[in-house]
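Participant: I need the structure of the sequence given here:
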Amino acid sequence: MDEIIDLGRLDMDPSRRSVLGVGLFSVALAVPAWPDVVGRMEAAQRGVRTRIGMSDVRTVAAMTEQLSSLDDQFGGRTARPLAAAFLVNTVVPFLRTVGPDDVRRAMMSAASDLCYLTGYMAVDEGLHGLAQRYYLQALELAGASEDHLTFCTVLRGMSVQAVDLGQGPVAMRLADAAAAASPQAGPRMRAFLAGQQAHAAAQIGDRRSALLYLQEAEVAMDKAEARGKVFGSYDPASLSYHTSQVRFEMGDVHGAVAAMEESDRLRYGIYRRTRVKERAILAERQLATGHLEAACKTWGLALDDYPQVNSGRIDKRMADMFGLIRPHIRNHDAQALYERARETVRPELVPA
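Facilitator: Numbers count the residues shown, from 1 in each chain. Purely as a prediction, here's the structure:
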């Protein structure tokens, strides 16, 4: 509990947030296994309230959902201080308050989900050491509440963080751990897990496993979609993204472009931050295949939404864009994009 308070207070205080960048991603992080944390109920420490009920659990779950929506639309930099403040000022006191065992478990499960989301927002800002600390707290709370779904989701999120940093072996280990911890997963969850296993396997050069996992994800997605579409869960747009990443890791850049275009076409409009980030990735790959004008158009679409999103990952993509476009600056489209970007992105990203 003290670790959650320390994390949240540091994260919500603007005067101390510069300290957060010190922690780096650790490839040797000790990740607890499900048997190590399951049922670990902490002794209740009495807070201001005398008891908690299911209405308090619903409050935490509803706020987490709203914070997730803010993150989707406006980026982690915007939403994370709000999440940290809610965690410290509301959720921790709930966790320290007595209540029936089923309510306590439900509250720890809800708190786990919020810690995971806050860690994901830290990833979006590029604060990878901080994100890992939030993720570990989420795993502890998920185990204590016997919440298999969140436990697996957190492990998968840690795998996503690792694969995006080029740490393929770590990403594979975490993706496999997530799948092993969820033996009773339904088809949508299985697609969610297998898609990440495919990406990690492709990054470590295990082509056979990558294709098998991708096929498994596709079959599972077909089954899930046949049961009904579910907004806010792993969906065909997400699977197309994983298909693109697998193809790219295996050297099929043209196939990666086609799959990323499909992902962009299928994505719900509310996911603005993801749309900007993945359009920037698509543009980079279009340029790599020699389609300069198409790349400039896609980067232009990303710039349309950029002012509304505050994201470290997107800022890095935009900074990279300047370097990629500069050699083509005599091209009319490239020059127009370059000048527009100089007027649109944050000043510190513009090359001197």
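
Participant: which helix is the longest one in this structure?
Facilitator: The longest helix of the chain (DSSP state H) is helix 101-125.

Participant: gap between it and the chain center?
Facilitator: Its chain's average C-alpha position is 14 Å from that of helix 101-125, according to C-alpha atoms, centre = their mean, to the nearest Å.

Participant: Check which helices and strands that helix sits against.
Facilitator: Here helix 101-125 touches helix 2-12, helix 54-74, helix 76-86, helix 92-95, helix 128-144, helix 148-164, helix 312-325, going by 3 or more C-beta pairs under 8 Å, 6 or more residues apart in numbering; DSSP states H and E. Just so you know, the C-beta spots here come from the backbone N, C-alpha and C atoms, and that holds for glycine as well.

Participant: Identify whichever of the ones you listed lies nearest to residue 255.
Facilitator: helix 148-164 (18.4 Å; C-beta to C-beta).

Participant: what's the closest non-adjacent residue to the residue most central in space within the chain?
Facilitator: With distances taken as C-alpha atoms, centre = their mean, residue 120 lies nearest the centre of the chain, 4.7 Å away. Excluding its sequence neighbours, the residue lying closest to residue 120 (C-beta to C-beta, 6 or more residues apart in numbering) is residue 157, at 6.0 Å.

Participant: distance of the one you found from residue 74?
Facilitator: For residue 157, the distance to residue 74 equals 20 Å [C-beta to C-beta, to the nearest Å].

Participant: who's more crowded, these two?
Facilitator: Set side by side, residue 157 and residue 74 show more neighbours around residue 157, with 22 against 16, by other C-beta atoms under 10 Å.

Participant: and the more buried one, what does it touch?
Facilitator: 116, 119, 120, 123, 135 (C-beta atoms under 8 Å, 6 or more residues apart in numbering).

Participant: give the contact list for the third one.
Facilitator: Shown here is residue 120, whose contacts under the criterion C-beta under 8 Å, 6+ apart are 71, 76, 131, 157.

Participant: Likewise for residue 125?
Facilitator: Listed by C-beta under 8 Å, 6+ apart, the contact partners of residue 125 are 76, 77, 80, 311, 312, 313.

Participant: Spatially, and excluding backbone neighbours, which residue is closest to it.
Facilitator: residue 312 (4.1 Å).

Participant: And residue 116, by the same measure?
Facilitator: Spatial nearest neighbour of residue 116, excluding adjacent residues (C-beta to C-beta, 6+ apart): residue 138 at 4.1 Å.

Participant: Next one: the spatially closest residue to residue 80 that is not a sequence neighbour from residue 278, what distance?
Facilitator: Leaving aside its sequence neighbours, residue 80 sits nearest to residue 121 (C-beta to C-beta, 6+ apart; 3.9 Å). From residue 121 across to residue 278, the span is 18 Å (C-beta to C-beta).

Participant: How about residue 352?
Facilitator: In terms of C-beta to C-beta, residue 352 sits 29 Å off from residue 278.

Participant: neighbour count winner among those two?
Facilitator: Neighbours per residue (other C-beta under 10 Å) separate residue 352 from residue 278, with residue 278 holding more: 23 against 2.

Participant: Which pair in the contacts of residue 157 has the greatest spatial separation?
Facilitator: Greatest spatial distance among those (C-beta to C-beta): 116 and 123, at 10.7 Å.

Participant: ok so, going back, in the longest helix of the chain, which residues are buried?
Facilitator: Neighbour counts using 16 or more other C-beta atoms under 10 Å place 103-125 of helix 101-125 among the buried residues.

Participant: Could you count how many residues lie near residue 260?
Facilitator: Other residues near residue 260 come to 26 when the count uses other C-beta under 10 Å.

Participant: what stretches of the stretch 151-300 of the chain score poorly on pLDDT?
Facilitator: 229-232 (pLDDT under 70).

Participant: All the helices of it, in order from the start?
Facilitator: For the stretch 151-300 of the chain, the helices defined by DSSP state H, counting those that start in this stretch cover 168-180, 187-203, 207-227, 236-249, 253-266, 272-288, 292-305.

Participant: picking up where we left off before, could you double-check that the residue nearest to residue 80 lies in contact with residue 79?
Facilitator: Yes: taking contacts as C-beta atoms under 8 Å, residue 121 lies within contact range of residue 79: 5.8 Å.

Participant: How about stretch 129-149, which residues are buried there?
Facilitator: 130-149.

Participant: give the contact list for residue 279.
Facilitator: Residue 279 sits next to 264, 298, 299, 301, 302 when contact means C-beta under 8 Å, 6+ apart.

Participant: now do residue 90
Facilitator: With contacts defined as C-beta under 8 Å, 6+ apart, residue 90 is in contact with 59, 60, 63.

Participant: so is it in a helix, a strand, or just coil?
Facilitator: helix (DSSP: H, G, I helix; E, B strand; the rest coil).

Participant: Can you tell me how far it is from residue 128?
Facilitator: Look at residue 90 and residue 128: by C-beta to C-beta, they are 26 Å apart.

Participant: Check residue 60 too.
Facilitator: Residue 60 is 26 Å from residue 128, where distance means C-beta to C-beta.

Participant: Of those two, give the one with the bigger neighbour count.
Facilitator: Just comparing residue 60 and residue 128: by other C-beta under 10 Å the higher neighbour count belongs to residue 60, 23 against 19.

Participant: who are the neighbours in contact with the more buried one?
Facilitator: Neighbour list for residue 60: 90, 91, 94, 107, 110, 111, 114 [criterion: C-beta under 8 Å, 6+ apart].
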